[in-house]
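Visitor: predicted model and sequence below, questions to follow.
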Amino acid sequence: MELLWKIGYTVGLCAPKPEFITVLADKDVEKGENVLLYCEANVKELTAVWEKDGQRLSCVQGKHKLDQKVRLFVLEINKAQEGDEGKYTLTLKNKWGSKSCSATVTFAIKEWRNMPKNQSKMVTALKHYKTCNDDISELRFLLHGQIGAGKSSIINTIKSIFENRQFVICLAATTSGTSHTLDYQKYTAGSENTGRLPFAFYDVMGLENNSGGVHTDDIIKALKGHIQNGYTFNPDQPISEDSEYYISKPRLSDKIHCLVSVVATDRIVLMEDVISKMKLIRKEASELGIPQVVFMTRVDEACVLTKNDLSRIYRSRKIKDKMHECSNKLGVPLNCIFPVKNYHDETGLNDNINCLMLEALTQIVLWADDYVKRCSEKQRHVE
């Protein structure tokens, strides 16, 4: 490689512009560890400039050590502390050009929520769950959120857990595309072979900024039990009372028993209009007494620590901060926010993915059943 550059430079075929042979790698570390960031360039005699979070790195004696060995560039951070967390960028320059690469240093903090581990126990409990009201054959959950947040993928992940294999029953939208879900669709967990669970998950068209996506009035009517499975959403106009899919006098079994707001962890700041719509829907749900939770998806895209090791999710400062941000924006208590990861590029099952989803599912099942119990008691008093 070096010989080719020398020949090219000598005969004028190409200029030795800086390029990276290897780039800086993201690091997740414990407090007090030494951090080593390094990369290799294609040529020698380059000027190296290190930055942290967009500002030129101020090297502290005994803390930072910069080294250059021929084409290898190294930054060592001695006994790293929380203040050393951030994005580090190396820019290499010569008179023919410049090139940059970056890496993020992330710190694990003290575990602030227990990572669920007993997968088989949770699966067994959910498979044998009995609702508090024999007239309610299934607890109903409505999932809503921005296009690409992962509503459909949550359903696929839950189906995969109980089928004990990768299971794709509904198409999932990309973060930049349009909603794959156009109808009000019901999905169940389990099957005739593995045992049907008393839970139903309703998927809806995604919310969009401005006037696009599912109409908020449709979601509110669905919460109240006015919409039948199979209704096709119209972003410009909510369901009318003369529609064949409209239920004029819904029973408790027609209503939604828990509202699940799905938020992409790495896109919270990009969804202000959607947040406003979600808050409106949440307000209506509160007035109806329907429990509400948030499933925070794409945690691996928002946090290097979590991406490298999902079992350390509750030691991630980034995830904790995102949960607080989500809580502040939507007005949902932290204990009602569950960071989860959907199956995406995996071909097999993963215990950590399953355990996070099962913990969240267990909680919403209990809260949905509490709601059914309250409503059932009110009906008995009226009768």
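Guide: Looks like it arrived, so ask away.
Visitor: can you pull out the helices in the stretch 201-350 of the chain?
Guide: Remark: helices assigned in the stretch 201-350 of the chain by DSSP state H, counting those that start in this stretch are 216-223, 272-288, 299-302, 304-308, 317-330.
Visitor: including mean neighbour count, could these go into CSV?
Guide: In short, each C-beta sits where N, CA and C put it, glycine included. As requested, the helices of the stretch 201-350 of the chain are exported to CSV (neighbours: other Cβ atoms under 10 Å):
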stretch, mean neighbour count
helix 216-223, 21
helix 272-288, 17
helix 299-302, 20
helix 304-308, 19
helix 317-330, 18
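Visitor: and of those helices, who's closest to residue 366?
Guide: helix 272-288 (17.3 Å; Cβ to Cβ).
Visitor: can you name every helix or strand that the closest one contacts?
Guide: Counting contacts by 3 or more Cβ pairs under 8 Å, 6 or more residues apart in numbering; DSSP states H and E, helix 272-288 packs against strand 139-145, helix 216-223, strand 258-264, strand 292-297, helix 317-330.
Visitor: for residue 233, which non-adjacent residue is closest in space?
Guide: residue 205 (4.4 Å; Cβ to Cβ, 6 or more residues apart in numbering).
Visitor: I'd guessed that neighbour sits against residue 235; true?
Guide: Yes - applying Cβ atoms under 8 Å, one finds residue 205 in contact with residue 235, separated by 7.4 Å.
Visitor: and these two? Which one has more around it.
Guide: Using other Cβ atoms under 10 Å as the criterion, residue 205 and residue 235 rank with residue 205 on top: 27 against 15.
Visitor: report the separation between the more buried one and residue 273.
Guide: Using Cβ to Cβ, to the nearest Å, we find residue 205 at a distance of 15 Å from residue 273.
Visitor: can you list the weak-confidence ranges in the stretch 101-250 of the chain?
Guide: When residues are selected by pLDDT under 70, those of the stretch 101-250 of the chain lie in 170-179.
Visitor: check contacts around residue 240.
Guide: Under the criterion of Cβ atoms under 8 Å, 6 or more residues apart in numbering, the neighbours of residue 240 are residue 246.
Visitor: before we move on, back to that, between residue 205 and residue 235, which contacts overlap?
Guide: Common contacts of residue 205 and residue 235 (Cβ under 8 Å, 6+ apart): 213, 214.
Visitor: ok, back up a step: looking at the helices and strands packed on helix 272-288, which is nearest to residue 181?
Guide: In terms of Cβ to Cβ, the element of the helices and strands packed on helix 272-288 nearest to residue 181 is strand 139-145, at 9.5 Å.
Visitor: ok, back up a step: show me the contacts for the residue nearest to residue 233.
Guide: Counted by Cβ under 8 Å, 6+ apart, residue 205 has contacts 179, 181, 182, 213, 214, 233, 235.
Visitor: quick check, the fifth one in contact with residue 144.
Guide: Yes - under the criterion of Cβ under 8 Å, residue 214 is in contact with residue 144, at a separation of 7.3 Å.
Visitor: which of these two has more neighbours?
Guide: Counted by other Cβ under 10 Å, residue 214 and residue 144 do not tie: residue 144 has more neighbours, with 28 against 25.
Visitor: who's the more buried one bridged to?
Guide: residue 261 (DSSP bridges).
Visitor: ok, now which ones touch it?
Guide: 151, 204, 206, 207, 214, 219, 259, 260, 261, 262, 278, 281.
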